[in-house]
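**Student:** just the structure for this:
(chains A and B)
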Amino acid sequence: MSKVELNKEAGPREVFCGLTSIVWLHRRMPDAFFLVVGSRTCAHLIQSAAGVMIFAEPRFGTAILEEKDLAGLADAHDELDRVVNDLISRRPEIKTLFLVGSCPSEVIKLDLATVAEKLNKRFLGQVRFVNYSGSGIETTFTQGEDGALKALVPLMDSTDDEKLLLVGTLANNVEDRFKKLFNNIGITNVESFPPRQSTELPKIGNNTKVLLTQPYLSDTVRDLKHRGCEIIYAPFPLGVEGSTKWFLAAADAFKISELKVHEVIAPLANRARQALEKHTEILSGKKLFLLPESQLEISLARFLHNECGMELIEVGTPYLNKDLMETELNLLPDDTKIVEGQHVEKQLDRVRASNPDLVVCGMGLANPLEAEGISTKWSIEMVFSPIHGIDQAADLAGLFSRPLKRNQILTSKTLATH
Amino acid sequence: MELTLWTYEGPPHVGAMRVASSMKDIHYVLHAPQGDTYADLLFTMIERRGQRPPVTYTTFQARDLGGDTAELVKRNITEAVERFKPKTLLVGESCTAELIQDQPGALAKGMGFDIPIVNLELPAYSKKENWGASETFYQIIRTLLKDKVNEIEKINPKRWKFLGRRPKVNILGPTLLGFRCRDDVIEIQRILSEQGIDTNVVAPLGSNPDDIARLTDADANICLYHEIAETSCEWLKRNCGMEYTTTIPIGIKNTINFINEVHEKLDLPLTNQEELEHKSKLPWYSKSVDSNYLTGKRVFIFGDGTHAIAAAKIAKDELGFEVVGLGTYSREMARQVRAAARDLNVEALITNSYLEVEDAMKKASPELVLGTQMERHSAKRLGIPCSVISTPMHVQDVPARYSPQMGWEGANVIFDDWVHPLMMGLEEHLIDMFKHDFEFVDGHQSHLGHTATKGTDNKEDDHGQSNINIQKKGNVIWTDSGRAELTKVPFFVRGKVKSNTEKYAISKGLPEISDETLYDAKAYFG
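**Tutor:** Now for the predicted structure:
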């Protein structure tokens, strides 16, 4: 374990809840529908985060609880039944329906598991129902994906075939690229979870080796382990360094030589390092402050320090799973200040006091910090952009160099803000 | 339980945030879990605000629920008061906190602060955003004025005459995330000042608790947005005798009606009545010959109550459109919208479902849609031009330029915004007149001439696909002559001609379509 400085903080937060992950999950599995059982707030949150208006009919929605639903739970279950029936008759193309719990549904103890079980019997062979919670009292932002994937694990059939299973949502083009590279390295049986079709779940078993693409999947990992899967611990595939070590770890698990990996990866890595240069020029020596949100913060900090030369002031993360993050923490410079949890006001005090060149934060904080003269990068872009892999390293760096470059162009100090 | 894919209004505490963020020296402690902080981005991203909303979220988690969430509330209140030093504190809860019944407002009142505390009870499972804003504004006014109203005499709107000063009014209702409120306020203040009327307080937008405390210095109130300010105006009338105006000054006629109403309330003679007709370019632009083509354009209107009603009046009386649909998502204003619809001989659509609105839009087959950003998207899918007239707000609805909806300049803005999406009149006539000329045969040509459009002529390309997509339909085959004739039909009606001709051919049992069939069909359908 490296000598990073681990701190915990509690207080008022400024982060999304797990429902937000529906925004990318529904794009990954176009045959699935995500039905949040919640309040008008939940509906408003998702539409505010997702730009719902561009869809003719989005593949997610909210069953909004009304006063009469709170009076008796039995009625609420019947009501949910009715809503689901309406939805399925309107959208016969739905193959998997996720019932997503929210803060209010958790507090009134609406039993979505029982509802899902009943519905599974009724719609047998037509639609599959699973449930998980994306509530803000239990989950932060990307943890919603963890919940959704964990809910699918029991539906995965067993197999003894040896395979590499990539776990965590990836952009389709990145996924294709990874599969090709693994193929070149000599790992040919590679599958992804979540799959592109919700009905085509990969089979798993004792000879399944799991390689995580995202750092926020603690619960899913635990359940995959129970099903006999072997977890490959590695840094996450962000940047050249992280991606290379990630490939090496996979190769090691399949008893493929390092030499073979380098043979495939080296030309890519060289090319990527060259592409990184123009961003490193801008980023090198700049002070970076990461506020907690996506749980990608530690991997991003490692990339931006080790490969782009940024100085780390503070690395916030909503939640830290030391087992999954150990390899990452080992790559961070000694004395890196990591803060798990948040007291947003105190943290902003530290931001101002430390005079950073760039702050990674949520959308609620970005413009106010810009107005104070502090450059920002909003973290939600990290979960929407293809940033994984060696080929994407320069694009990833570009997300951070762009605001700084823009700042230089505009000489922002002279601009009036409101 | 109501299935919602998209909603016009947020929850009521977002309405409260709109009021709190509009004001200064106020802080709102919201008992809510972490996810509710999404609402901040409405202000910082959509309104592009350079300040965070003045809101502290208590951020309770599942593990707190077994313990003492009330302590958590108190800790957050103490910290917020110390840090932000507000002159007035709002305390309330969002949907989830409502269920655990900590009663944060009552807790706050028991903590011994020497600032006014407004306890907001906004039922999240039955009410919505605009109601929440209205209730919050009313509760702030009530809390800050309730002692004072017992001491002062009823306010006579004519009292300015005896007091030897110009008349002054309050402008009530504008908020952040309200449609063009920022600019409406400037326009209305300008109009009032031209009439010799001063503005005492504008609220909530830009006001602070001290301003609220001096609302009663004005002679009357202007209720600029009924959704937000009507409850407050009623309370001020009942308790202080303050009269308020109800005309919404959107459009020329209603701006004039509004000015008349203000003068009547204040008993102030209106000296420049004739001038008013010429304050905006809308009446002349609407009368000029180019606007002839606007006559009877079918328009479908949907939005909040205030803007939908105003739009219907302008469309019919000031632009000569035919209103073929009128509706609102503001249930609080359903009665007024129904009345306006009755006058136009259409049935009012009162709904929260954008799918129902799209369906009604489709059935009404309008030539122009005036709606929210959602109707803009629906209209785009239906190929109908649209102009946005109402919240919910989108970053496009906060333009950099001065762009009010109210008053004289508002009428100018409305003329441009509604007419530009339609094809300009003269242009439409010209294209119709010259539609058989070669320039129009295959769509609008580039100004760069034919070199720029090479490859888009009517010959089939290497893949055997024409840009006129001719396929077998049923058993009908297009012959070469039929195909050639179809290419001569102007692009903007070609699709319709093609499908009509095919329909005709099938109905007559014809195996193929020649140029003659096309003309037969044309004659048949007229």
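
**Student:** next one: whichever residue of the stretch 151-300 of chain B sits closest to chain A from B:Ala310, what distance?
**Tutor:** Taking CB to the nearest CB as the measure, the stretch 151-300 of chain B has B:Arg182 as its residue closest to chain A, at 9.9 Å. (Each C-beta comes from the backbone N, C-alpha and C, glycine too.) Distance from B:Arg182 to B:Ala310, counting by CB to CB, to the nearest Å: 18 Å.

**Student:** so between those two, which is more surrounded?
**Tutor:** Shown here are B:Arg182 and B:Ala310; by other CB atoms under 10 Å in any protein chain shown, B:Ala310 has more neighbours (25 against 20).

**Student:** nearest spatial neighbour of that one, skipping sequence neighbours?
**Tutor:** B:Ile250 (3.7 Å; CB to CB, 6 or more residues apart in numbering or on different chains).

**Student:** what is the burial count for the one you found?
**Tutor:** 26.

**Student:** next, give phi and psi for it.
**Tutor:** phi -110, psi 130 (degrees, to the nearest 10).

**Student:** the stretch 1-150 of chain A: helices as residue ranges?
**Tutor:** A:22-28, A:40-50, A:67-71, A:73-90, A:103-107, A:112-122, A:143-152 (DSSP state H, counting those that start in this stretch).

**Student:** how far out from the middle of the chain is the last one?
**Tutor:** When you say that, I think you mean helix A:143-152. Taking CA atoms, centre = their mean, to the nearest Å, the mean C-alpha location of helix A:143-152 is offset from the chain mean by 11 Å.

**Student:** packing partners of it?
**Tutor:** helix A:22-28, strand A:96-101, strand A:128-133, helix A:218-226 (3 or more CB pairs under 8 Å, 6 or more residues apart in numbering or on different chains; DSSP states H and E).

**Student:** the same query, at a cut-off of 7 Å, please.
**Tutor:** With contacts taken as 3 or more CB pairs under 7 Å, 6 or more residues apart in numbering or on different chains; DSSP states H and E, helix A:143-152 sits against helix A:22-28, strand A:128-133, helix A:218-226.

**Student:** who touches it?
**Tutor:** Under the criterion CB atoms under 7 Å, 6 or more residues apart in numbering or on different chains, residues A:18-22, A:25, A:98, A:130-134, A:139, A:169, A:193-194, A:201, A:216-220, A:223 lie in contact with helix A:143-152.

**Student:** need the next SSE after it, C-terminal direction.
**Tutor:** As assigned by DSSP states H and E, the chain's next helix or strand after helix A:143-152 is strand A:163-167.

**Student:** quick one, that following strand and helix A:218-226 angle?
**Tutor:** With axes from the mean of the first three to the mean of the last three CA atoms, to 10 degrees as the basis, strand A:163-167 and helix A:218-226 are set at 160 degrees to each other.

**Student:** sheet partners, orientation included, of strand A:163-167?
**Tutor:** strand A:190-193 (parallel), strand A:208-212 (parallel) (DSSP bridges).

**Student:** mean pLDDT and mean neighbour count added to the ones you listed, as TSV?
**Tutor:** Rendered in TSV, the data for the strands paired with strand A:163-167 read as follows (pLDDT from 0 to 100; neighbours: other CB atoms under 10 Å in any protein chain shown):
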stretch	mean pLDDT	mean neighbour count
strand A:190-193	98	20
strand A:208-212	98	23
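
**Student:** possible to save the ones you listed as TSV with distance to A:Glu263?
**Tutor:** Putting the strands paired with strand A:163-167 into TSV (distance: least, CB to CB, whole Å) gives the following:
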stretch	distance to A:Glu263
strand A:190-193	18
strand A:208-212	20
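
**Student:** need the helix or strand of chain B with the lowest average pLDDT.
**Tutor:** For chain B, the helix or strand with the lowest mean confidence is helix B:438-441, at a mean of 56 (criterion: mean pLDDT, DSSP states H and E).

**Student:** past that helix, which element shows up next along the chain?
**Tutor:** Going C-terminal from helix B:438-441, and assigning secondary structure by DSSP H and E, you next hit strand B:477-478.

**Student:** of all the helices and strands packed on helix A:143-152, which lies closest to B:Glu375?
**Tutor:** Using CB to CB as the measure, helix A:22-28 is the one of the helices and strands packed on helix A:143-152 that comes nearest B:Glu375, at 23.2 Å.

**Student:** find the centremost residue of chain B, please.
**Tutor:** For chain B, the residue nearest the mean C-alpha position is B:Ser390 (0.5 Å; CA atoms, centre = their mean).

**Student:** wait, what's in contact with that one?
**Tutor:** Residues in contact with B:Ser390, defined by CB under 7 Å, 6+ apart, are B:179, B:303-304, B:307-308, B:372.

**Student:** B:Ala523: how many residues sit nearby?
**Tutor:** Number of residues near B:Ala523 (other CB under 10 Å) recorded here: 9.

**Student:** model confidence at it, what's the number?
**Tutor:** Per-residue confidence (pLDDT) for B:Ala523: 83.

**Student:** and for B:Thr517?
**Tutor:** According to the model's per-residue confidence, B:Thr517 sits at a pLDDT of 89.

**Student:** for it, which three-state class applies?
**Tutor:** For B:Thr517, the reduced secondary structure class is helix; criterion used: DSSP: H, G, I helix; E, B strand; the rest coil.

**Student:** right, and it touches B:Leu510 too?
**Tutor:** Yes. Proximity of B:Thr517 to B:Leu510 meets the contact threshold set by CB atoms under 7 Å, at 6.2 Å.

**Student:** counting neighbours, go ahead and name the busier of the two.
**Tutor:** In this view B:Thr517 and B:Leu510 are compared by other CB under 10 Å, and B:Thr517 has more residues nearby, 22 against 18.

**Student:** need the contact list for the more buried one.
**Tutor:** Per CB under 7 Å, 6+ apart, neighbours of B:Thr517: B:482, B:501, B:505, B:510.
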